[in-house]
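>>> Give me a 3D structure for the following:
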Amino acid sequence: MADDDNPLAFRDFRYFWIARACITLAQNCMVVVIGWQVYDVARQTMEPKQAALWLGLIGLVQFAPLFVLTLVTGWVADRVDRRLIVRLCVGAQLLCATALAAFSWSGNISFSPLFAVAAVLGVARAFYAPAQNAIGPNLVPKEALPRAIASNSIATRMGAILGPGVGGTLYAGAAHFPYAFSVCLFGCALICMFMIRPIPATNMDRSRKPWRQMIEGFHYVRQNGLVLGAISLDLFAVLLGGATALLPIFARDVLHIGPSGLGYLRAAPPVGALLTAAWFSFQPMRNHIGVKMLIAVGVYGAATAVFGLSRWVPLSLASLAVLGAADMFSMYVRQSLIQISTPNDMRGRVGAISSMFVSASNELGEAESGFLAAAVGPTAAVVIGGVGAIAIAALWSRLFPMLRTAKNFDLL
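Predicted structure coming up:
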């Protein structure tokens, strides 16, 4: 008999886990190269501050589809077979990787294909995230869900750790190698998604008008103060404290470690996050979840500021690892709150809102970091963002007192 507390004991979850790991590995392998190529193309004719603006723009291009399509993607995830949505989105990303491999192989890489593919990737991710996050709870019993969330985080962080390093190393060999590798990974993920058996259909009332169903997710989040506080805390903290978009600048012009060094910088936060997720997969967080999350956000901000000031590569890597570990605390609490408390027929819509918040903190945060770096320089931009994240943690402890008083997930 399967161990009801071990998510990997369930066949469909194993395929889901492998697919998620492959997708994340491919995405991170591509994103590090796209960022490097955008900055490299910009630096051919621009000074560092001007080139930083283009890093901000590439983040904005990826965020815009998610922001515009949030209501639609959540509704689709609750109305259509979620496995089909994920399969189509993985297929779209496979085609994007193929296109970039062809452009890079021909030596005809420029802003046009990079930004066009970034826009398509943004659309694919907009539909992928809520459907993919909503599938997991259908593959394991409720008692295994906290460990499943941590196990999914391990798959995600493994891909995030290996992807940048592999991408940077392959790019050093040939510009099209990382994209070709991503094509293979997306193909493997697609096969695994086809291996997952049918999942329970949602009980959405199909007689109601679609636009009314679309906004129900917003009403649910607005009325649940704990969920709203958790996801908005992550949004504003990472929005201000995100230094990821500026890593190409630090790799090239501050630390002088090149594209392979950029891969190590991109991999450092997931290393810290992976260790934290591994701990949670064996010892799920049970007590004082709110206070721990607020403290973790403060640590996240402090580590960001240290990275901005560092000129010693080992310290920079250590700061990024601590930053990633702290961020995992917030993600773990947020995902547990959403997936445990949200009814199955609303998980797509609520998940879409959560994905919009996460993407806003990442892609929109990249745009904010790029614009701020263009104005005051990369070091000042990162330090200001880190201090801002600490301030957000202090402010949210007052605006959302339920975060301070939240003890455990049993209240759900």
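>>> ok, which stretches of the stretch 301-412 of the chain are strands?
Under the criterion DSSP state E, counting those that start in this stretch, the stretch 301-412 of the chain carries no strands.
>>> Could you point out which residue ranges in it have low pLDDT?
Applying pLDDT under 70 to the stretch 301-412 of the chain flags residues 337, 341, 359-367, 408-412.
>>> which residues in it form helices?
313-341, 347-359, 365-376, 378-399, 401-405 (DSSP state H, counting those that start in this stretch).
>>> How far off centre is the third one?
This means helix 365-376. 19 Å (Cα atoms, centre = their mean, to the nearest Å).
>>> One more: the first one?
Helix 313-341 sits 11 Å away from the centroid of its parent chain (Cα atoms, centre = their mean).
>>> can you check stretch 290-304 too?
18 Å.
>>> what does stretch 261-268 give?
16 Å.
>>> What are the boundaries of the strands in the stretch 51-200 of the chain?
Taking DSSP E, counting those that start in this stretch to define them, one finds no strands in the stretch 51-200 of the chain.
>>> Show me the shaky parts of it.
Applying pLDDT under 70 to the stretch 51-200 of the chain picks out no residues at all.
>>> want to try TSV for the helices of the stretch 301-412 of the chain, with distance to residue 56 and mean neighbour count as columns?
To be clear about C-beta, it is placed using only N, CA and C from the backbone, and glycine gets the same treatment. Below are those laid out as TSV (distance: least, Cβ to Cβ, whole Å; neighbours: other Cβ atoms under 10 Å):
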stretch	distance to residue 56	mean neighbour count
helix 313-341	20	22
helix 347-359	15	26
helix 365-376	2	22
helix 378-399	10	20
helix 401-405	30	16
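>>> Among those, which comes closest to residue 134?
Of all the helices of the stretch 301-412 of the chain, helix 347-359 sits nearest to residue 134, with 4.0 Å by Cβ to Cβ.
>>> now the angle from that closest one to helix 365-376?
Angle, helix 347-359 to helix 365-376, by axes from the mean of the first three to the mean of the last three Cα atoms, to 10 degrees: 20 degrees.
>>> Mind giving me the packing neighbours of helix 347-359?
helix 48-79, helix 111-135, helix 210-223, helix 225-241, helix 313-341 (3 or more Cβ pairs under 8 Å, 6 or more residues apart in numbering; DSSP states H and E).
>>> Go through the helices of the stretch 301-412 of the chain and name the closest to residue 122.
helix 347-359 (8.4 Å).
>>> Next, the angle from the closest one to helix 48-79.
Going by the same axes, to 10 degrees, helix 347-359 makes 170 degrees with helix 48-79.
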